[in-house]
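Participant: would you be able to build a 3D model of this:
(one chain, ligands or ions: 1)
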Amino acid sequence: MANKSLRRRLEAGLAPSLKAALPAPLQWPFRMLWRLTNRVLNEWSDVALYLSLAWYRLLGRPYIKWYADTLDRWAAAGRDEDCVKWRRAHLADSGQEDLAILVAAGMKPHHTLHEFGVGQLRSAKWFIQYLDKGNFSGNDSSRERIKNGTDIFGPEIEPKAPTLIVNEDNTFDWLNGKKVDYIWCHAVIGHMPKQDVEDLIRDVRKIMHKDTVFLFTHDEPDHLPPGWTHARMDSRNFWYSLAFFRDLATKYGYAVDNVTELLDDKPSFRSYFRLAKLMLK
Ligand SMILES: C[S@@+](CC[C@H](N)C(=O)[O-])C[C@H]1O[C@@H](n2cnc3c(N)ncnc32)[C@H](O)[C@@H]1O
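Facilitator: Alright, predicted model coming up:
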């Protein structure tokens, strides 16, 4: 989104330099004005997003298609040289902690791993390099985000022959009955509406064998009102509590555990992320 890349540049360069150039008494009002401008831009862009989502609904198109098209537009808009440079630097160092968590959970190079929601291969590139050739598969509903990732990391990962799939539903049928040892899903469920999350949990068993470990993060802020198991934040952000997944696990025959302690000492995981482990019963 043009707005987004312009804002990123302002945040990265212009705004801090402007603030630093101002005399001390003007710095506080400048900060307030900057925050207010950001707030208005955010609110406005969310109204626009809700309107486009309503349009998709009217045409009978599913949420996953709307979200993929939205992210595709944003991903394709950030292809100028500055954005690619920023992305390359931002993505290169990030994601190693995700691999450390899977290794702590017992993953070895000979195991197979499927990542649901690979995005721009931020963590997938580490998984692929760690695993034996052919043992990684991943999907994302945004074709353009996968493309951003392969444009940057293609030469590094190609020798390991990863399978990358653009999915249009949450059925796992696109893995054609393949079973994997580990499944990883980070920062994805918080972008899926309730019914889609239920579909994902119901159908993930299609790629699980009796020992498969499915690790996923979900956003559960401490200030969810008592008794709430889920809430919608805005057009594309959702909170789900562990209790929500416990209900689904009971309904569909899984065991679910809170393993958030595996995120300890992992600063790249924001404080509101929880980590859950799902296995077949
Ligand atoms: C915040 S990014 C996280 C990407 C990656 N997991 C990471 O840690 O860098 C969320 C990603 O989830 C993808 N996504 C959201 N809903 C999806 C769905 N139903 N199926 C597949 N991918 C989905 C989005 O396209 C986006 O790339």
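Participant: local confidence estimate at the residue in the chain that the ligand sits nearest to?
Facilitator: Using CB to the nearest ligand atom, the closest approach of the chain to the ligand is made by residue 119 at 2.6 Å. Heads up, the C-betas are built off the backbone N, CA and C, glycines and all. Turning to residue 119, the model gives it a pLDDT of 97.
Participant: ok, it touching residue 140?
Facilitator: Yes. With contact defined as CB atoms under 8 Å, residue 119 counts as touching residue 140 (6.0 Å).
Participant: now the common contact residues for the two.
Facilitator: When contacts are counted by CB atoms under 8 Å, 6 or more residues apart in numbering, residue 119 and residue 140 are jointly contacted by residue 146.
Participant: close to the ligand: what parts of the stretch 51-200 of the chain are there?
Facilitator: Residues of the stretch 51-200 of the chain found near the ligand (CB under 6 Å from any ligand atom) are 64, 67, 71, 117, 119, 122-123, 139-142, 145, 167, 170, 186-188, 191-192, 196.
Participant: inside helices: which ones of these?
Facilitator: Using DSSP state H, 64, 67, 71, 145, 196 are the members of those that sit in helices.
Participant: quick one: classify residue 218 as helix, strand or coil.
Facilitator: With DSSP: H, G, I helix; E, B strand; the rest coil as the basis, residue 218 sits in strand.
Participant: residues contacting it?
Facilitator: So residue 218 contacts 189, 190, 239, 240, 241, 242, 244, 245, 273, 274, 276 (CB under 8 Å, 6+ apart).
Participant: for residue 100, give me the pLDDT.
Facilitator: According to the prediction, residue 100 has pLDDT 97.
Participant: now do the contacts for it.
Facilitator: Taking CB under 8 Å, 6+ apart as the definition of contact, the neighbours of residue 100 are residue 266.
Participant: could you measure it against residue 268, distance?
Facilitator: With distances taken as CB to CB, to the nearest Å, residue 100 is found 10 Å from residue 268.
Participant: tell me which stretches of this protein form strands.
Facilitator: For the chain, strands defined by DSSP state E occupy the ranges 113-116, 136-140, 163-166, 180-185, 208-219, 230-234, 237-240, 254-258, 273-280.
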